[in-house]
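In: Would you be able to build a 3D model of this:
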Amino acid sequence: MGAWEDGEFIGCVLFSRGANKNLGSRWGLTTVDVCELTRVALSYHNASVSKIVTIAIKMLKKAQHIKLIYSYADPEEEHVGTIYQAMNWFYLGMTPGSYKYKDKNGREWHQRQVSVSGYKPQYGQLRKVPKIADCEKLPQLGKHRYLYPLDRAMRRQIEPLAQPYPKRERLEVAT
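Out: I've put the predicted structure just below:
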């Protein structure tokens, strides 16, 4: 969804099916019933981010048969999901941690982009990829998981599972 203020394009709110084809299976939803708020990319703007995202969600709800929106906040980027907290999304804890890999040139690879053999199917073709044995394994924190139900039935399923919001750690200033 594009975002404009005073006739000027200021960015977008991007919804997608996400990387996980089973995103809604826990809730009995198919890929047409659930989506992921993948990115909020805005330049300078006057309206609050929560207002811009709320408008985008209302537009999405009118245009699609979506019952649930997922989103994630990455603690590796020092995010705790402040925008989702401001919008009263439900916090369902953290996803399991994962790994990424660093090759001998220092390039980092997602765990799905490396293999034991050095070859992996990507986009329907067998491609050469870094071998796991040639890479350094780097542990990654899980991500904060937020859900936003778009109907009462979904809300009733999710609300009892909600956990307290995580807080950003505050740095203490030495005096």
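
In: Okay, T30 and I66: tell me how far apart.
Out: 11 Å (CB to CB, to the nearest Å). Heads up, the C-betas are built off the backbone N, CA and C, glycines and all.

In: residue ranges with poor pLDDT in this protein?
Out: 170-175 (pLDDT under 70).

In: swap the cut-off to 80 and go again
Out: In the predicted model of the chain, residues 18-19, 63-64, 169-175 satisfy pLDDT under 80.

In: Would you mind extracting the C-alpha trace of the longest helix seen in it into PDB?
Out: Secondary structure assigned by DSSP state H gives helix 49-63 as the longest helix of the chain. Presented in PDB, the C-alpha positions along helix 49-63 are these (Å, rounded to 0.1, in the frame of the first residue of the first chain):
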ATOM      1  CA  VAL A  49       3.500   5.400  11.900                       C
ATOM      2  CA  SER A  50       0.700   3.700  13.800                       C
ATOM      3  CA  LYS A  51      -1.900   5.900  12.000                       C
ATOM      4  CA  ILE A  52      -0.400   5.100   8.600                       C
ATOM      5  CA  VAL A  53      -0.300   1.400   9.300                       C
ATOM      6  CA  THR A  54      -3.900   1.400  10.700                       C
ATOM      7  CA  ILE A  55      -5.200   3.000   7.500                       C
ATOM      8  CA  ALA A  56      -3.300   0.400   5.400                       C
ATOM      9  CA  ILE A  57      -4.800  -2.400   7.500                       C
ATOM     10  CA  LYS A  58      -8.300  -1.000   7.000                       C
ATOM     11  CA  MET A  59      -7.700  -0.900   3.200                       C
ATOM     12  CA  LEU A  60      -6.300  -4.400   3.200                       C
ATOM     13  CA  LYS A  61      -9.300  -5.700   5.200                       C
ATOM     14  CA  LYS A  62     -11.700  -4.200   2.600                       C
ATOM     15  CA  ALA A  63      -9.800  -5.600  -0.400                       C
END
